[in-house]
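Enquirer: sequence first, predicted coordinates after that:
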Amino acid sequence: MIIQTPIAANALFSGLSAAFIAWQGIWLATHIGMPQWLWALVMWGLAAFSLQLAAMVVNARLAQLLIKSVIMADALWLVVASLALMWFQGALSVMGIIIVLSVNAVVGALAVWQFLAWKQTSKMMGEGGA
C-alpha cells in the first residue's frame, strides 16, 4: 500500500466537502446551526487542506514529511466535531446529527487508512535502509 492512495482519498473527500458547503451551505445551516462566517471558514479550510493533500499525492517526499500532521489534523477534527456535537446538540436537527456522525465516520476511516499506510511505508523504508 502506498501512502499517496489514502491521501488522495482524503483530498477528494475534503475537496468535495468544501464544494458541497459552497453549493448547499444554506441547507446545511438549517440542520447545523453555525453562523455563515463559520461555514465559510470551514469551506475555505477544507479547500486549502484538499490542495495540500493533492500536493502530497504528487510529491512522495512531501507526503512522508507531512503525513503525521495530516493524521493528527484528522484526529483533531474528530475530537472537536464530537465535542461540538455533544455541546451544541440542541442546535442540530436529526439530519444535522446524522451529517456530523457520517462525516466523522469517513474522517476516522481515512485517518486509520493513512496511519496504516504510513506505518507500512515507514517499515519498508526502514528495512530498505538496514
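Expert: Good, I have the coordinates.
Enquirer: so where's the protein uncertain?
Expert: Within the chain, the stretches with pLDDT under 70 are 1, 126-130.
Enquirer: what's the residue lying closest to Ser82 once chain neighbours are set aside in contact with, if anything?
Expert: Distance criterion Cβ to Cβ, 6 or more residues apart in numbering; nearest residue to Ser82, sequence neighbours excluded, is Asn104 at 6.6 Å. C-betas here are computed from N, CA, C, even on glycine. For Asn104, the contact set (Cβ atoms under 8 Å, 6 or more residues apart in numbering) comprises 77-78, 81-82.
Enquirer: which parts of the longest helix along the chain are buried?
Expert: In the chain, with assignment by DSSP state H, the single longest helix is helix 94-129. Of the residues in helix 94-129, 96, 100, 104, 107, 110-111, 113-115, 117-118, 121 count as buried by neighbour count, 16 or more other Cβ atoms under 10 Å.
Enquirer: picking that back up, among the contacts of Asn104, which ones are buried?
Expert: Among the contacts of Asn104, those classed as buried by 16+ other Cβ under 10 Å are 77-78.
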